[in-house]
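Novice: Whatever this is, show me its structure:
(2 chains, ligands or ions: 2)
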Amino acid sequence: MANAKRITLDRRKVVARVLRDRGDALLITGLGAPSFDAMAAGDSLNNFYVWSGMGSAVPFGLGLACAQPGRRVLTVTGDGEMLMGLGSLATVAVQRPANFAVVVIDNQRYGETGGQLTHTEFGVDIPAMAKGAGFREVATVYTNAELEEAVPLILKGEGPVFVTVKVRPEPAKIVLPPRDGPMMRHRFRANLLGEG
Amino acid sequence: MAKAPIPTRKQQPWADPVHGVLRDFDIRQMAYVPDGGHARLIGLCLADPKMRSVLLTTEEEGVAQMAGAWLGGQRGVFLTQSGGVGNCINMLSVIQECRIPLLALVSMRGQWGETFPWQVPMGQGTQAALEAANVIVKHVDEADQVAETVRAAAAMAFNTSRAVAVVVSQRLTETGGRG
Ligand SMILES: Cc1ncc(C[n+]2csc(CCOP(=O)(O)OP(=O)(O)O)c2C)c(N)n1
Ligand SMILES: [Mg+2]
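Specialist: Residues are numbered from 1 along each chain as shown, chains lettered A, B, ... in the order given. Ligands and ions are numbered 1, 2, ... in the order given. Next up is the predicted model:
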């Protein structure tokens, strides 16, 4: 099962492009490199970086999206992190939150642990699983043109939206987000709700 | 959609008062994997227009769901069978490290008069697993004390930002089906 299409996109540029027009969208990032990508694009009080609980990024985003139906909620995570929580795609599809989008930065590697191959390298198609679960909008992005089409879907399309972006495997420089859990949850809630 | 029959109030008399406590605390999300022990409470929550019921594929999703809900300003309750506690261990690290409150209701198997051997290992390990993950455990085995225990647990969880589990004895959950 070789991947026929060439992969040329740079993960940092992809995440920066997605977040450029985010407005006041709330963002949950999965552990590791996707958090670094989001931090590199610019820290925000609307960001919450999950540093553990591999597989939690989508259900975390879903809980937030259900609680804040008036706000756009994004989960940006890695292919490995997503693979550990595939069942949550079914959970999201049943809840059908119109304001929720999941973006998987798919380097076909467990980047943080040394670049071991993930299942997607062997052809496992996570967007097809999202489609099968019942996500309203599903896309796989290989090129900048496809990314430009996907960004409005991610930020404004009627959800649940699922987009996998295929990115080159080279790791990007580490840009560390805050790691203090109580500080992060306090700042997030203070900004969103006016309470810690 | 066909609806499963809900155990009667006589079979699980604690469920209705617990549902009342959840309403008192303005619980807006209920996350669950179906379980016979919680069957009446699940049915009451499903019928409650003020609560969003979130059907999970595995219990660990529920811990993250509750964390996201709370970050977004809603309180939730997480319903799990004792077996599901074992699925949650690593997810509990997220809420512990962030001091995010969690209210969990655990219905026991493998604990009181169990006749199905495969439920015993996890049932016997449930309390230890919760405590290993630093969850505060309140065990209850009298039907008329479940609601007040849930009230105390909810007050503690949401006011002190702790994870608190109310563990409901199998004595009180036997009539809810075979799961
Ligand atoms: C439960 C658990 N198992 C394994 C790990 C080790 N681990 C940390 S990051 C990571 C890889 C994440 O890969 P992916 O989500 O694809 O992100 P990438 O770094 O490739 O962008 C793994 C396996 C972990 N943190 N938790
Ligand atoms: Mg990866």
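Novice: Let me know the helix or strand that the closest residue to ligand 1 within chain B is in.
Specialist: Nearest residue of chain B to ligand 1: B:Asn90, at 5.3 Å (C-beta to the nearest ligand atom). All C-beta spots, glycine's among them, are computed from the backbone N, C-alpha and C. In the assignment (DSSP states H and E), B:Asn90 maps to helix B:89-98.
Novice: ok, the spatially most central residue of chain A to B:Leu105 distance?
Specialist: In chain A, the residue lying closest to the centroid (C-alpha atoms, centre = their mean) is A:Val76, at 1.4 Å. A:Val76 is 32 Å from B:Leu105, where distance means C-beta to C-beta, to the nearest Å.
Novice: got the residues of chain A near ligand 1?
Specialist: Proximity of chain A to ligand 1 is confined to A:30-34, A:54, A:78-81, A:105, A:107, A:109-113, A:118 under the rule C-beta under 6 Å from any ligand atom.
Novice: still on that earlier bit, quick check: buried residues in the helix holding B:Asn90?
Specialist: The neighbour-count check on helix B:89-98 (16 or more other C-beta atoms under 10 Å in any protein chain shown) flags B:Asn90, B:Met91, B:Leu92, B:Ser93, B:Val94, B:Ile95, B:Gln96, B:Glu97, B:Cys98 as buried.
Novice: Contacts only, for A:Gly70.
Specialist: Applying C-beta atoms under 8 Å, 6 or more residues apart in numbering or on different chains to A:Gly70 gives the contacts A:Asn99.
Novice: ugh, wrong one, I meant A:Arg185
Specialist: Listed by C-beta under 8 Å, 6+ apart, the contact set of A:Arg185 reads A:Phe48, B:Leu71, B:Cys98, B:Arg99, B:Ile100.
Novice: let's see 7 Å
Specialist: Applying C-beta atoms under 7 Å, 6 or more residues apart in numbering or on different chains to A:Arg185 gives the contacts B:Leu71, B:Cys98, B:Ile100.
Novice: quick revisit: restrict the buried residues of helix B:89-98 to contacts with chain A.
Specialist: B:Asn90, B:Met91, B:Ser93, B:Val94, B:Glu97, B:Cys98 (C-beta under 7 Å from any C-beta of the partner chain).
Novice: Contacts for whichever strand or helix holds A:Leu155 next, please.
Specialist: Using DSSP H and E, A:Leu155 falls within helix A:144-156. For helix A:144-156, contacts defined as C-beta under 7 Å, 6+ apart pick out A:14, A:17-18, A:21-22, A:25, A:72, A:74, A:101, A:103, A:137, A:139, A:141, A:161, A:163, A:165.
Novice: what do you get for stretch A:104-114?
Specialist: Taking C-beta under 7 Å, 6+ apart as the rule, stretch A:104-114 contacts A:11, A:14-15, A:32-34, A:37, A:76-80, A:82, A:115-118, A:120-121, A:126, A:164-169, A:171.
Novice: Drop anything exposed from these.
Specialist: So, by 16+ other C-beta under 10 Å, the buried ones in the contacts of stretch A:104-114 are A:11, A:14-15, A:32-34, A:37, A:76-80, A:82, A:118, A:120-121, A:126, A:164-168, A:171.
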